[in-house]
Structures are given as structure tokens and as C-alpha cells.
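Peer 1: Requesting a structural model of the entry that follows:
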Amino acid sequence: MFNRKISIVSSMLLLSATACYAQAAAPQTVNLPAGGTLKLRANSVNASTYQWFKDNQIIPDATTIEYIVTIPGIYTVVSFNTEGCQSDISDQIIIAPPLSLLSADMMITKTSENRALSLNDSFNYSINVKNNGSDKATNIKVTDQLPPEVEFEELTPTAGSNARYSFATRTVLWEIDKLENGESADLRIKTKAVKPGAIVNTATVSANEPDPILANNTSTATTLVSDIFIPNVFTPNGDGKNETFTIRGIEHYENEITILNRWGGTVYFKKGYNNEWTGRGLNEGTYFYLLKLKIGNEWKIYKGYITLLRGKQ
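Peer 2: Below you'll find the predicted structure:
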């Protein structure tokens with residue numbers, strides 16, 4: 001007779017049995033990996049053949065030194081040497097079903113300020129993350145690499161979370177320790193537009209726990225920025241300087257403009273405005289403008305005040 005042992009390869013749970021000696025060791029229990037397998041290995045001295053058992057029943061053709069477990073059960077093995085001497089049956093290894101996996105469905109929503117923007121305007125991105133999963137989410141990380149069309153200015157995270165910006169990689173990293181089911185957190189990123197056009201920015205979220213719905217782990221915001229410049233004063237006084245309400249860059253866009261006085265009456269309206277308003281017939285003072293500009297396929301509305309001065313400067 002001879003000594004033999006069993007181990008579970010990858011978990012390395014050791015068992016032993018000695019011939020002619022009854023052992024009373026407690027069974028060992030290990031959980032089968034979700035969607036995976038475990039490899040059992042007999043480490044007997046001077047053994048040449050083996051027989052594996054599941055739930056005290058012989059496993060047909062399971063006669064080699066190793067056995068791959070794919071289903072839960074109670075597993076044992078006996079070993080035989082070249083003379084046919086059989087070892088005691090090994091201690092039991094209980095292969096339990098997989099542990100139930102924690103699940104945290106992290107959802108991220110990224111938005112940009114919904115207002116008309118032009119070059120050098122500051123504006124905010126807003127990021128909201130929420131745990132829609134059935135379990136607590138931990139070690140949550142949000143990353144957001146800012147596009148080259150904006151400059152970073154400031155971060156404002158939810159209290160208790162940590163956000164920082166890397167100027168080297170232009171990346172925001174926002175870390176949240178945990179979010180219970182249904183909890184959410186917010187981050188505001190203040191930036192400045194430095195290039196015109198459609199600015200596309202994407203943020204992603206992850207957590208330690210498995211996420212059953214990966215489609216909502218990213219969110220993209222598109223911000224439209226024009227390259228127009230709207231002054232706040234013009235001086236139609238006949239000196240040949242600054243004689244019209246000149247909006248730089250407006251000729252590149254489909255547009256319409258409305259000028260109103262302080263009582264709300266329209267004093268000027270033009271579709272396809274091309275910097276021709278002189279304020280003719282109007283008194284000095286401040287007027288309100290409403291400019292509609294088509295950027296890409298969207299109309300954006302710019303509002304503000306323009307002061308008309310006629311005195312010689």
C-alpha cells in the first residue's frame with residue numbers, strides 16, 4: 001500500500017489518504033468559478049492509475065492523474081500502484097456552485113450647456129453617474145479626455161468624491177468610493193472654447209463589480225461653437241470708423257437678426273444680416289439684439305445688448 005494526495009490545481013487545496021489507515025479529516029469546500037472549471041490532481045506516491053468518484057459514484061473513464069470539474073458535487077479519488085495495490089479513498093473535496101456575482105449597473109450621462117457659444121466663451125460640462133444595479137458599486141472611476149477645442153478651467157465634484165485633471169494627458173479622473181443602489185453623483189467641468197465647430201467629448205465609467213449593461217458606461221456630449229464676435233458698442237458718427245453693428249464672422253452662417261428698443265418694439269429685422277445696420281433714425285442708447293445663427297444643422301440663439309453712440313470720440 002502507499003500514500004497519495006489530491007490537490008485542486010489553481011486553488012491548491014491539498015487532501016491526503018494513507019493506505020490501511022482510516023482518516024477523519026473534514027471535507028474541503030471550494031466554489032466553482034462562474035462559467036469556469038477546476039482541475040483536480042492526485043499526488044500519490046508510486047501510483048500508476050487512478051479512479052475518480054463524484055458523489056460516491058465512479059466517474060467513467062476518469063482514470064488519469066487529473067480530472068477537470070465542470071459541475072458541483074463531492075469528489076474523491078483512489079490510486080493504484082503497479083502491483084494493483086489500492087490506496088484509501090481520499091478526503092472529500094466539495095465543489096460548491098459558483099458564488100452569486102455582485103452586480104452594479106453603472107450609468108453615465110454627460111451633457112454640455114445648452115446655449116449659444118462663441119470663441120473664448122467659458123462653459124460647463126456636467127457628468128452624472130448612477131448605480132442602477134442590485135448591489136453596491138465600489139471603487140468607481142470616471143475618465144474624460146478633453147478635446148483640443150477646449151481649455152480646462154475648473155472641476156467641481158460631488159462632496160466626498162475626488163476629481164483631478166492631468167495637464168499632460170488632458171484627462172479628468174473622477175473617483176468615487178461607493179454608490180449604493182439608486183445613488184448618484186455629479187461632476188462639473190468648466191472649460192473655455194478655443195476653436196469653433198462641433199466639439200465632441202466622451203466620458204466613461206467603471207466599477208469593481210461586474211456590469212451587466214455596458215452600453216450605458218459611456219456618454220458623449222456635442223457642443224456647437226461659432227467663430228463670430230459680437231461687440232457691445234458701435235459709433236455711427238460719420239468718421240468712417242465702427243459705423244455699423246459689425247458681427248465678425250457672421251458672413252459664414254445662415255442667420256437672422258432682430259433689434260429691439262427698451263420697450264420691446266422691433267426697430268430692425270434682417271434675414272441674412274451682413275453687418276449693414278447703422279441705427280439710422282434712432283437715438284443714442286442701448287438696444288437689445290436677438291441673433292439666430294445656424295451652426296451645422298442646428299439653430300442657436302445669441303442674445304445681448306448693443307450700445308449706439310453718435311458723439312465724436
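Peer 1: What is the least confident helix or strand in this structure?
Peer 2: The least trusted helix or strand in the chain, going by mean pLDDT, DSSP states H and E, turns out to be strand 14-18, with a mean of 38.
Peer 1: Check which helices and strands the very next helix or strand once past that one is in contact with.
Peer 2: Using DSSP states H and E, the helix or strand that directly follows strand 14-18 along the chain is strand 28-31. Where contact means 3 or more Cβ pairs under 8 Å, 6 or more residues apart in numbering; DSSP states H and E, strand 28-31 is packed against strand 93-96. In this view, the C-beta of every residue, glycine as well, is placed from N, C-alpha and C.
Peer 1: Direction included, what does the strand it packs on pair up with?
Peer 2: strand 28-31 (parallel), strand 73-81 (antiparallel) (DSSP bridges).
Peer 1: which stretch in these has the least confidence?
Peer 2: Per-stretch mean pLDDT for the strands paired with strand 93-96 is lowest at strand 28-31 (a mean of 85).
Peer 1: Now that strand: buried residues?
Peer 2: 28, 30 (16 or more other Cβ atoms under 10 Å).
Peer 1: same deal with stretch 242-255?
Peer 2: Those would be 245, 247, 250, 253, 255, for stretch 242-255 by 16+ other Cβ under 10 Å.
Peer 1: got a list of what the residue nearest to residue 298 when sequence neighbours are not counted touches?
Peer 2: On the basis of Cβ to Cβ, 6 or more residues apart in numbering, the spatially nearest residue to residue 298 that is not a chain neighbour turns out to be residue 224, at 6.0 Å. By Cβ atoms under 8 Å, 6 or more residues apart in numbering, residue 224 lies in contact with 117, 197-199, 295-296, 298, 300.
Peer 1: How much space separates residue 198 from residue 254?
Peer 2: 16 Å (Cβ to Cβ, to the nearest Å).
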